[in-house]
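Enquirer: predicted model and sequence follow; I will ask about them next.
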Amino acid sequence: MVPSIDVTLLAPTAQRIVNPSSAPNALRALAARGLAPGLRPGDALAVVCVLALQDGDAAPIAQHTLANLPDPLFLGAMAGDLQPGVLHALGPSCAQNAARAEQLLMHRSVHNTTVEEMAAACNEAVAELIATNEERMLRHPAIIEQLYLNKSTRMSTADRILELAIRHGLDCSAIKTFEQAKQALLGELIAEPTEGPSFDDVQFNTAHTIAETLELADDEDTHAVDSETGEERVVFKAKPLHAVWSELRGPAKIRLLTLGTAKVVGPDGKTHSQSYDLKAIRQLGVRDPNPLVAVAALKSPGMNDSEIERISKMRNVCEEVLRDIALSRNWTRSYTVKLNLCFNPRTPLAHALTFLQHLRDSDLKALLKSKDVRGDIQGAAKRQLSKKAK
């Protein structure tokens, strides 16, 4: 629940200013700049916040003031009592300013929802500040989720806060890969906080940066089949990313996959998606020999139907990936996916036999002629064709 500002708790002068019918426009415009005469800093700041949310000429001025709050007004207001709604309005501007964020986070009236929204959009320095308050994160696990999903949060910090959630049995279901990340962290040595980024943090950021700038067309892949050997090889443009990827720890790979599409919270409090898509990470992830990583790739934001169709016929993916595809009603609505799973010898038998019943006669006959299809699948296809012939 987003905290609001109770106007009736403001000083009488402040109440008159925020009431459009009782204050002249010139006074409201002055108050929107934080310069209302006769008001204490806390009330002056509250007025700016209220005006920023109202319709009218003063709103754009107040919004600009909030985004560029003068130090005297900020420091004066923070030294006294403030409503949670006022602190919430300050959250977006403090999310990129560690000095101000530290004061806001320590204020006794700050609401957990405010910290949650800051965690989603803050920079690395502010993320480190938020992550130091374990009691708050345990009371409000959504803060852990948002920090984990924020690409600015250090990988080492993401490990620590996720381990905290696991140790206390918290449900972080907003992290779609939570179960895979949880299993990957078991038995891992969690690093203590450091003043600067660790080697793992730098490595994670390097992989993310390379993946963010690696553009692949819709029909492009990170791998191609070698015409001479028939084996898959990493394509030239994906080799730098593959080199870093192969050195990453399992938890780091899973988090990269979870950050498939970045989301940021703007000054308006709404969530906005940024324009990058880590398609190359998904393609590397689904081929990873670690089943936890490979399954996490399927849960990655941005995974689409065309990618699933391609994956469903891959013979170098683990059985767990094909099982998850087979169990998804959304993905198996596609006839192509069902057909690919029947042709793929790595598909679990029970699922392949189920989809076999939905195939056209022409595809059943193609199964019988294929040298790569398992014998038990061909036998079932033959019996199905025989039944139809009677």
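Expert: That came in fine, so what should we check first?
Enquirer: next one: residue 216 from residue 40, what distance?
Expert: 57 Å (C-beta to C-beta, to the nearest Å). Any C-beta I mention is one placed from the backbone N, CA and C, and that applies to glycine too.
Enquirer: burial count for residue 366?
Expert: Neighbour count for residue 366, taken as other C-beta atoms under 10 Å: 16.
Enquirer: any idea how far it lies from residue 377?
Expert: For residue 366, the distance to residue 377 - C-beta to C-beta - is 12 Å.
Enquirer: cool, and residue 122?
Expert: Counting by C-beta to C-beta - residue 122 and residue 377 are separated by 52 Å.
Enquirer: which one's more surrounded, the two?
Expert: Remark: of residue 122 and residue 377, residue 122 carries more neighbours, 29 against 22, as counted by other C-beta under 10 Å.
Enquirer: ok, the more buried one - contacts?
Expert: 95, 96, 101, 130, 150, 152 (C-beta atoms under 8 Å, 6 or more residues apart in numbering).
Enquirer: name the helix or strand for the residue nearest to residue 331 when sequence neighbours are not counted, please.
Expert: The shortest distance from residue 331 to any residue other than its chain neighbours is 4.9 Å, reached at residue 308 (C-beta to C-beta, 6 or more residues apart in numbering). In the assignment (DSSP states H and E), residue 308 maps to helix 305-311.
Enquirer: for the stretch 51-200 of the chain, what are the low-confidence residue spans?
Expert: For the stretch 51-200 of the chain, no stretch has pLDDT under 70.
Enquirer: do the same with the stretch 251-390 of the chain
Expert: Checking the stretch 251-390 of the chain against pLDDT under 70 turns up 261-276, 389-390.
Enquirer: quick one: the helices in it?
Expert: 279-286, 291-298, 305-311, 319-327, 335-343, 349-356, 361-369, 375-389 (DSSP state H, counting those that start in this stretch).
Enquirer: want to throw the ones you listed into TSV with distance to residue 21?
Expert: Shown next, in TSV, are the helices of the stretch 251-390 of the chain (distance: least, C-beta to C-beta, whole Å):
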stretch	distance to residue 21
helix 279-286	55
helix 291-298	56
helix 305-311	55
helix 319-327	60
helix 335-343	62
helix 349-356	68
helix 361-369	73
helix 375-389	77
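Enquirer: any idea how far the residue nearest to residue 327 when sequence neighbours are not counted lies from residue 323?
Expert: Distances taken as C-beta to C-beta, 6+ apart put residue 351 closest to residue 327, at 7.6 Å, once the chain neighbours are dropped. Distance of residue 351 to residue 323, computed by C-beta to C-beta: 7 Å.
Enquirer: ok, residue 103 next?
Expert: From residue 103 to residue 323 the distance is 51 Å (C-beta to C-beta).
Enquirer: next one: residue 345
Expert: 14 Å.
Enquirer: ok, the two, which is more surrounded?
Expert: The residue with more neighbours, out of residue 345 and residue 323, is residue 323; 18 against 12, by other C-beta under 10 Å.
Enquirer: what sits against the more buried one?
Expert: Contacts of residue 323 (C-beta under 8 Å, 6+ apart): 348, 351.
Enquirer: quick check: end-to-end length of stretch 171-189?
Expert: 22 Å (C-alpha to C-alpha, to the nearest Å).
Enquirer: so which bits of it are buried?
Expert: Neighbour-count burial for stretch 171-189, counted by 16 or more other C-beta atoms under 10 Å, picks out 172, 175, 176, 177, 178, 180, 181, 182, 183, 184, 185.
Enquirer: identify the residues contacting it?
Expert: 141-142, 144-146, 148-149, 159, 162-163, 165-166, 249-251, 254-255, 257-258, 290, 292-293, 295-296, 299-301.
Enquirer: all helices for the stretch 101-250 of the chain, in order.
Expert: Under DSSP H, counting those that start in this stretch, the stretch 101-250 of the chain gives helices at 112-121, 124-131, 134-139, 142-149, 155-167, 178-185, 199-213, 239-245, 250-258.
Enquirer: tilt between the fourth one and helix 178-185?
Expert: For helix 142-149 against helix 178-185, the angle by axes from the mean of the first three to the mean of the last three C-alpha atoms, to 10 degrees is 70 degrees.
Enquirer: cool, the second one as well?
Expert: With the same axes, to 10 degrees as the basis, helix 124-131 and helix 178-185 are set at 90 degrees to each other.
Enquirer: what are the buried residues along helix 124-131?
Expert: Buried-residue list, helix 124-131, by 16+ other C-beta under 10 Å: 124, 126, 127, 128, 129, 130, 131.
Enquirer: ok, of those, which one's closest to residue 52?
Expert: residue 126 (21.5 Å; C-beta to C-beta).
Enquirer: double-check the closest one against residue 93; I have them as touching.
Expert: No. Under the criterion of C-beta atoms under 8 Å, residue 126 makes no contact with residue 93, lying 11.2 Å away.
Enquirer: so the residue nearest to residue 327 versus residue 337, what's the distance?
Expert: Taken as C-beta to C-beta, the span from residue 351 to residue 337 is 11 Å.
Enquirer: which of these two has more neighbours?
Expert: Taking neighbours as other C-beta under 10 Å, residue 351 and residue 337 compare with residue 337 leading, 22 against 18.
Enquirer: that one - nearest residue in space that isn't next to it in sequence?
Expert: residue 312 is the one closest to residue 337 (C-beta to C-beta, 6+ apart), at 4.8 Å.
Enquirer: same thing with residue 27?
Expert: residue 17 (6.2 Å).
Enquirer: quick one: the helix or strand harbouring the one you found to chain centroid distance?
Expert: Assigned by DSSP H and E, residue 17 belongs to helix 12-18. Here the centre of helix 12-18 is set off from its chain's centre by 41 Å, with C-alpha atoms, centre = their mean, to the nearest Å.
Enquirer: when you give positions from now on, start the count at 783
Expert: Sounds good: first residue 783 from here, last item helix 794-800.
Enquirer: neighbouring contacts of that helix?
Expert: By C-beta under 8 Å, 6+ apart, helix 794-800 touches 789-790, 792, 804-805, 809-810, 813, 818, 820-821, 825-826, 828-829, 832-833, 836.
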